[in-house]
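> I would like to see how this sequence folds:
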Amino acid sequence: MNGQTDVPALRWGFVGTGGIANAMANVVATTPMAALRAVSSRRRTSADEFADRFDVALRFHDWQAMLESGDIDAIYVATPTSVREEISIAAANAGKHVLAEKPFASSASVKRIIEACRRNDVAFMDGTHFVHHPRHHAIKDGMAELVGSPWSVASAFQFGLPNRGDIRYNAELEPMGAIGDAGWYNMRAALEYLPGDAAPASVEAVLRRDGETGAAVSGSGVIQFTGGSTTTWNCGFDSGALVMDLCITGFEGVINIDNFLSQDEDGSARYFYKRGSWGPDVIREDRHVESGLSGAALMFEDFAVIAAKAELREDFAWATLHTQKLLDACWEAATRT
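Below is the predicted model:
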């Protein structure tokens, strides 16, 4: 959207004060279409420290009280997966628009959240921000010309997370571990860039568990869809370096991205386009997509636009539900005995 200031700025309440909430608080400050008005944390000191750090006017020590406040329009649910549904549904019932982090407990949980938002005429979106950046739109809009019919998406999202005190090592709070936390993006990439209805014909997956905590710290697999396309994926937080690779293969060409989940500091992003194998007709192009804002900032702007219409965007809801369905299928395959 890049700064559609004709849309009223949403007054946000954040539930949760962890790393992702801190990152998104910094993002909110970059767009005039969002204002951080309140924060809630079950730990009083966390709410107070967060409010002081980001100059937040209102601080609450239980999220129910924040929902009862007339000072916010929307809620950002940055909590552990285990409590995400309860808070999201309560927010929708209170007439608040819902932006929820991912993953969710299950596809059934997503359905209940979506229905609550639809019933209360409030907006709903998950926190996948790469799909809001112009690079994503440029690739999708140019897919037929660039690669023809895409038949394969290969993705990897890996990073190091040595702190075993992180909630992602807690199977009660984050049951799917790395497959839920990082694998969400692998599933969403397949959903966004492959044709068809996202129905898997076969799913194979494996995972590796941490020897100390038992948490799922990495996973990989392959999904074949009913239309014949496939996705191969790898994710984890036991890597010695950050990896965010994406390769879209079609019969006419290939698109590569080495940072598909992030952008440059100025908001711009790149992708690499290839066509041909050998000879003088081979094409190799490094393409640059301008943007004044990051994908995360554009996510908040897009959310403000749909919230102004006071309705559920069915395409966003569909994407959330089917990403979770793919994630559930991979988790089931990886934990199959």
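> spit out the contact partners of residue 323.
Residue 323 makes contact with 102, 126, 128, 184, 187-188, 191 under the criterion Cβ atoms under 8 Å, 6 or more residues apart in numbering. (Glycine included, C-beta is placed from N, CA and C.)
> and with 6 Å instead?
By Cβ atoms under 6 Å, 6 or more residues apart in numbering, the residues touching residue 323 are 187-188, 191.
> I'd like the mean pLDDT over the helix or strand containing it, please.
Assigned by DSSP states H and E, residue 323 falls within helix 314-334. The pLDDT scores in helix 314-334 average 97.
> coming back round to it: quick one: which of the contacts of residue 323 sit in strands?
Of the contacts of residue 323, none are assigned to strands by DSSP state E.
> picking that back up, list the buried residues in the helix holding residue 323.
For helix 314-334, a neighbour-count test (16 or more other Cβ atoms under 10 Å) marks 316-317, 319-331, 333-334 as buried.
> relative to the whole chain's centre, how far out is it?
Centroid separation between helix 314-334 and its chain, computed with Cα atoms, centre = their mean, to the nearest Å, is 12 Å.
> most neighbours, which of the contacts of residue 323?
Within the contacts of residue 323, most neighbours by other Cβ atoms under 10 Å means residue 187, with 28 neighbours.
> how far away is the closest residue to that residue other than its chain neighbours from residue 143?
What sits nearest to residue 187 in space, not counting adjacent residues and going by Cβ to Cβ, 6 or more residues apart in numbering, is residue 326, at 4.1 Å. Using Cβ to Cβ, to the nearest Å, residue 326 is found at 20 Å from residue 143.
> cool, and residue 39?
For residue 39, the distance to residue 143 - Cβ to Cβ - is 40 Å.
> of these two, which one has the most company?
residue 39 (30 against 19).
> ok, that one to residue 155 distance?
33 Å.
> now residue 226
20 Å.
> of those two, who's got more company?
residue 155 (26 against 12).
> which helix or strand contains residue 92?
Going by DSSP H and E, residue 92 is in helix 84-93.
> OK, contacts around the nearest residue to residue 31 once chain neighbours are set aside?
What sits nearest to residue 31 in space, not counting adjacent residues and going by Cβ to Cβ, 6+ apart, is residue 297, at 4.8 Å. Shown in contact with residue 297 (Cβ under 6 Å, 6+ apart): 27, 30-31.
> quick revisit: correct me if wrong: the residue nearest to residue 187 contacts residue 189.
No: here residue 326 does not reach residue 189: they are 10.4 Å apart, not a contact under Cβ atoms under 6 Å.
> wait, isn't residue 20 in contact with residue 78?
Yes: Residue 20 lies in contact with residue 78 (Cβ under 6 Å); the separation is 5.2 Å.
> for stretch 49-64, which outside residues touch it?
With Cβ under 6 Å, 6+ apart, stretch 49-64 has contacts from 15, 17, 25, 36-40, 44, 47-48, 66, 71, 87.
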